[in-house]
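1. Need a 3D model of the sequence below.
(one chain, ligands or ions: 1)
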Amino acid sequence: MTAQLTDGSAVLIDGKAVAAQVHERVRLAVAEWLAAGHRAPALATVLVGADPASEIYVRNKRLTCEKVGIRSAPNHLDADISETDLLAVIDGLNADDAIDGILVQLPLPKHINADKVIERIRPDKDVDGFHPYNFGRLAQKTPTLRPCTPFGCVELLKSTGVPLAGKRALVIGQSNIVGRPMALELLLLGCTVTIAHSRTRDLPEEVGRAEILVVGTGIPEMVKGDWVRPGAIVIDVGINRLPSGKLCGDVEFATARERAAFITPVPGGVGPMTVAMLMENTLVAARNRAGGQ
Ligand code: GUN
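-> Just a heads-up that it's a prediction; the model follows:
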């Protein structure tokens with residue numbers, strides 16, 4: 001067991017500490033990569049418009065790149081850029097041999113078709129793992145570049161030291177970024193997986209059966225603590241800002257921690273892992289592009 005804080009009844013899964021371990025692993029691997037005569041892995045970030053949250057996320061990604069020795073190449077584009085012009089920027093980055101990974105920060109402005117942009121990224125540079133090729137690789141049990149948030153949740157689950165194979169897992173939310181790839185990751189871990197969504201009947205009953213619970217709905221505290229199965233591992237992907245300004249997850253934390261064996265806090269749980277796994281994916285992309293060394 002690594003990187004957990006004991007606090008209350010459930011053990012808190014310390015995402016900052018697990019992320020720091022991933023950063024260190026990537027930093028050492030990048031140093032070895034440079035020592036072997038390669039150039040630094042390079043990540044192009046693409047930010048369209050001036051959404052404050054997206055600006056913070058992208059800045060955070062670039063600062064973490066610096067920390068681990070990855071070169072970041074920023075592309076900050078006007079909110080009114082046309083879809084055609086954005087696709088041309090992607091084409092340029094696809095063709096640029098000095099770029100290993102391309103990250104287009106979502107959401108994009110409404111006049112741009114995000115699926116079209118994602119599908120334009122070369123699959124071997126798709127460090128978000130959102131391209132249908134990479135999604136298909138994960139679905140077919142041969143993952144290459146894997147969606148960062150679910151990949152980070154896997155690291156957190158493994159950090160508990162609990163054997164995961166055979167466990168009954170419930171994912172709440174079926175988004176392309178979190179729920180669907182998370183279910184595929186849990187299948188790879190050998191779990192028996194259920195996906196719940198807005199049409200699911202009797203959600204409390206489903207939650208009550210789950211030995212592993214991963215929630216990514218964007219609905220503040222929608223999972224009530226007294227639904228949680230005693231001894232469950234609870235991974236809360238939600239980051240919601242309440243009218244008071246306080247951050248909260250998709251799970252009612254104070255009551256859930258009384259029943260769970262392990263639980264992620266918000267903030268400081270899943271959040272830091274998304275960026276950490278992006279660093280890992282960028283290193284993997286650089287290695288694969290250099291011929292799988
Ligand atoms: N917006 C919210 N989550 C993500 C993510 O994982 N990657 C990108 N590119 N944008 C996001």
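
2. so where do the strands sit in this protein?
-> The residue ranges that make up the strands of the chain, judged by DSSP state E, are 4-6, 11-13, 42-48, 71-77, 101-104, 168-172, 192-196, 212-215, 233-236, 240-241, 247-248, 262-263.

3. Next up, the contacts around whichever residue of the chain sits closest to the ligand.
-> With C-beta to the nearest ligand atom as the measure, L106 is the residue of the chain nearest to the ligand, at 3.7 Å. Backbone N, C-alpha and C define where each C-beta goes, glycine included. Taking C-beta atoms under 8 Å, 6 or more residues apart in numbering as the definition of contact, the neighbours of L106 are S54, A114, I177.

4. so how far is A95 from it?
-> From L106 across to A95, the span is 23 Å (C-beta to C-beta, to the nearest Å).

5. Please tabulate the contacts of L106 in JSON lines and include pLDDT and neighbour count as additional columns.
-> As requested, these are exported to JSON lines (pLDDT from 0 to 100; neighbours: other C-beta atoms under 10 Å):
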{"residue": "S54", "pLDDT": "96", "neighbour count": "16"}
{"residue": "A114", "pLDDT": "98", "neighbour count": "16"}
{"residue": "I177", "pLDDT": "97", "neighbour count": "19"}
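
6. Which ones among these also lie next to the ligand?
-> Counting by C-beta under 6 Å from any ligand atom, I177 from these sit close to the ligand.

7. Okay, and which of the contacts of L106 map to helices?
-> Using DSSP state H, the members of the contacts of L106 that fall within helices are S54, A114.

8. So which residues on this protein come close to the ligand?
-> When proximity is defined as C-beta under 6 Å from any ligand atom, the chain approaches the ligand at L103, V104, Q105, L106, D128, C148, T149, I177, T274.

9. again, only this time at 5 Å
-> The chain comes close to the ligand at residues Q105, L106, D128, as judged by C-beta under 5 Å from any ligand atom.

10. what pLDDT does the second one get?
-> In this case it means L106. Reported pLDDT at L106 in the predicted model: 97.

11. Show me what counts as buried in stretch 198-217.
-> Across stretch 198-217, burial judged by 16 or more other C-beta atoms under 10 Å covers L203, E206, V207, G208, A210, E211, I212, L213, V214, V215, G216, T217.

12. tally of neighbours for D226?
-> When neighbours are counted by other C-beta atoms under 10 Å, D226 registers 12.

13. mind listing what the closest residue to it other than its chain neighbours touches?
-> Residue nearest to D226 in three dimensions, not counting chain neighbours: T255, with 6.0 Å by C-beta to C-beta, 6 or more residues apart in numbering. With contact set as C-beta under 8 Å, 6+ apart, T255 has these partners: K224, G225, D226, V228.
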